[in-house]
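coordinates only, sequence not included:
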């Protein structure tokens, strides 16, 4: 187990470029020191400069592909990671002291969860790719919109193509290969159980990393105690600063919610219930005779104030080969709210001007619906006005085209859209 779990040198490098953050000091450490310089000693094992340096070939390759300052930063992160490996025996001692082991059942659960997660993720990418493919059929797309759709389509295509089969990653019929495969989840599980034990012993702040939550303050206290007991010592100031920088700097993003901290450190992340997004992407509904519709909040809104009327927009897509007659009127719609269908109870237009909806075209913002204004529950003869309570709701729309001499009307249902009603915005008081 690495002491600097989670963020690789490459990720540090990218973050530095994007955010302009310096994760370590600006001057290259260990300048003009011979390779056999002793930097530290851990449980009697000496660590030399040559043990943590990149190979000369790797140095040349890195330096050729990065500016000098960027190269220096990347080199430091590599050295810090290499240095951290020599402290692994301290984790081993701690695990043995606390009786931390990993069972076959724990490995089985981990593998099942990871296969399920990877499969679900790939299926989601496929669904989004297919949804974009439908929209790209439209021949009236503007160039900028088409470019945006193609970019996203290519992204999901690439993700799907590169995604490995999770069953091949976590299972094998060969016993020797299967043992090697199980070593990976075993290492993750063991690391988490060590982190969990450290957190229960020392408490303190927790951060999220790629490999899961890390009790950073507990890490620091643990190593400080180990150093005070003489389990390790440094002979070089640069090496000491390199090691402690990760544990003592304040540049991490900490989990601030105490409940989230307890959840992260009491239940392994791979066993936690997947948190669903409050708002799903608005996608096209089921196709009928080439017609599909999509509902979304006006201007992409998914939250509306209690004292304001929510407005939703409807997009139309015709991927078929026949023209359709469509009227942008709410009276041609029904609205389903939280599983109950509602009908239009507002003014009925008699002299209707329909729009010819040609094949292979898309119409964005075709129709807007204000809900619940002028809508009543179906079958409710009293026409009681509807109200939306605080909290989350789910809305769908059913739309019907106008009948044409050569074809009957087509009825389609949109996607389901989750939205929220929130407390009204406080009145702004003018200062005197």
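Nice, thanks for sending it over. Keep in mind the model is a prediction, meaning the values are calculated, not measured.

can you give me the helices in the stretch 101-250 of the chain?
Assigned by DSSP state H, counting those that start in this stretch, the stretch 101-250 of the chain shows helices spanning 104-136, 143-162, 166-170, 175-202, 216-228, 237-248.

and of the ones you listed, who's closest to residue 321?
helix 104-136 (14.7 Å; C-beta to C-beta). For the C-beta atoms, the positions are set from N, CA and C on the backbone; glycine is no exception.

Which elements pack onto that closest one?
When contacts are defined as 3 or more C-beta pairs under 8 Å, 6 or more residues apart in numbering; DSSP states H and E, helix 104-136 packs onto helix 143-162, helix 166-170, helix 175-202.

What lies in contact with the first one?
If I follow you right, that is helix 143-162. With contact meaning C-beta atoms under 8 Å, 6 or more residues apart in numbering, helix 143-162 is reached by 122, 125, 126, 128, 129, 132, 133, 135, 136, 141.

before we move on, the earlier item: out of the helices and strands packed on helix 104-136, nearest to residue 240?
Going by C-beta to C-beta, the one of those nearest residue 240 is helix 175-202, 21.3 Å.

what about residue 114, neighbour count?
Other residues lying near residue 114 total 17 when counted by other C-beta atoms under 10 Å.

on that earlier part again, out of the helices of the stretch 101-250 of the chain, flag the one nearest residue 346.
helix 104-136 (30.7 Å).

mean confidence for that closest one?
Mean pLDDT, helix 104-136: 95.

what about the helices of the stretch 101-250 of the chain, which gets the closest to residue 386?
Closest to residue 386 of the helices of the stretch 101-250 of the chain, according to C-beta to C-beta: helix 104-136, at 30.3 Å.

quick check: angle from the closest one to helix 175-202?
Relative orientation of helix 104-136 versus helix 175-202 (axes from the mean of the first three to the mean of the last three C-alpha atoms, to 10 degrees): 100 degrees.

burial of the closest residue to residue 121 other than its chain neighbours, as a residue count?
The spatially closest residue to residue 121, leaving aside those adjacent along the chain, is residue 163, at 7.6 Å (C-beta to C-beta, 6 or more residues apart in numbering). Residues lying near residue 163 (other C-beta under 10 Å) number 14.

who are the neighbours in contact with residue 163?
Neighbour list for residue 163: 118, 121, 122, 125 [criterion: C-beta under 8 Å, 6+ apart].

closest to residue 81 out of the helices of the stretch 101-250 of the chain?
With C-beta to C-beta as the criterion, residue 81 lies closest to helix 237-248 of those, at 9.8 Å.

Give the other helices and strands that the closest one contacts.
Here helix 237-248 touches strand 38-42, helix 68-85, helix 216-228, going by 3+ C-beta pairs under 8 Å, 6+ apart.

closest one to residue 176 among those?
Among the helices and strands packed on helix 237-248, helix 68-85 comes nearest to residue 176, with 25.2 Å by C-beta to C-beta.

what packs against that closest one?
helix 9-19, helix 49-52, helix 56-64, helix 237-248.

how far away is residue 257 from residue 205?
Here residue 257 is placed at a distance of 12 Å from residue 205 (C-beta to C-beta, to the nearest Å).

How about residue 350?
Going from residue 350 to residue 205 by C-beta to C-beta gives 67 Å.

quick one, domains of the protein?
Following automatic domain parsing, the chain resolves into domains at 9-86+209-271, 103-202, 291-422.

can you tell me which of those the model trusts least?
domain 9-86+209-271 (a mean of 81).

Distance from the chain centre to that domain, please.
Counting by C-alpha atoms, centre = their mean, to the nearest Å, domain 9-86+209-271 is centred 26 Å from the centre of its parent chain.

One more: stretch 185-196?
Relative to the mean C-alpha coordinate of its chain, stretch 185-196 is positioned 22 Å out (C-alpha atoms, centre = their mean).

picking that back up, any chance of a markdown table for the helices and strands packed on helix 237-248, columns distance to residue 96 and mean neighbour count?
As requested, the helices and strands packed on helix 237-248 are exported to a markdown table (distance: least, C-beta to C-beta, whole Å; neighbours: other C-beta atoms under 10 Å):
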| stretch | distance to residue 96 | mean neighbour count |
| --- | --- | --- |
| strand 38-42 | 16 | 19 |
| helix 68-85 | 19 | 19 |
| helix 216-228 | 14 | 17 |
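
Can you say which of the ones you listed is nearest to residue 52?
Across those, residue 52 has its closest neighbour in helix 68-85 (4.0 Å, C-beta to C-beta).

Would you mind getting the angle between that closest one and strand 38-42?
Using the same axes, to 10 degrees: helix 68-85 against strand 38-42 is 30 degrees.

contact partners of stretch 408-416?
280, 282-289, 291-295, 314, 324, 394-403.

Those, buried ones only, as a ChimeraX selection?
Buried members of the contacts of stretch 408-416, defined by 16 or more other C-beta atoms under 10 Å, are picked up in ChimeraX with:
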select :282,283,284,285,289,291,292,293,294,295,314,324,395,396,397,398,399,401
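
Check the spacing between residue 423 and residue 306 real quick.
From residue 423 to residue 306 the distance is 6 Å (C-beta to C-beta).

where do the contact lists of the two overlap?
residue 390.

So these two - more neighbours on which side?
residue 306 (13 against 9).

who's in contact with the more buried one?
By C-beta under 8 Å, 6+ apart, the neighbours of residue 306 are 388, 390, 421, 422, 423, 424.

please redo it, this time with the cut-off set to 7 Å
By C-beta atoms under 7 Å, 6 or more residues apart in numbering, the contact list for residue 306 reads 390, 421, 422, 423, 424.

how about the residues you listed in JSON lines, adding secondary structure and distance to residue 365?
Shown next, in JSON lines, are these (DSSP: H, G, I helix; E, B strand; the rest coil; distance: C-beta to C-beta, whole Å):
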{"residue": "390", "secondary structure": "coil", "distance to residue 365": "28"}
{"residue": "421", "secondary structure": "strand", "distance to residue 365": "23"}
{"residue": "422", "secondary structure": "strand", "distance to residue 365": "24"}
{"residue": "423", "secondary structure": "coil", "distance to residue 365": "28"}
{"residue": "424", "secondary structure": "coil", "distance to residue 365": "27"}
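
which one of those has the most neighbours?
Greatest neighbour count in these, by other C-beta under 10 Å, goes to residue 421: 18 neighbours.

Who does that residue form a beta bridge with?
The partner list for residue 421 in beta bridges (DSSP bridges) reads residue 304, residue 391.

ok, it touching residue 395?
No - applying C-beta atoms under 7 Å as the test, residue 421 and residue 395 come out as separate, 11.4 Å apart.

where's the closest residue to residue 390 other than its chain neighbours relative to residue 392, distance?
Nearest residue to residue 390, sequence neighbours excluded (C-beta to C-beta, 6+ apart): residue 421, at 5.3 Å. To residue 392, residue 421 is 8 Å away according to C-beta to C-beta.
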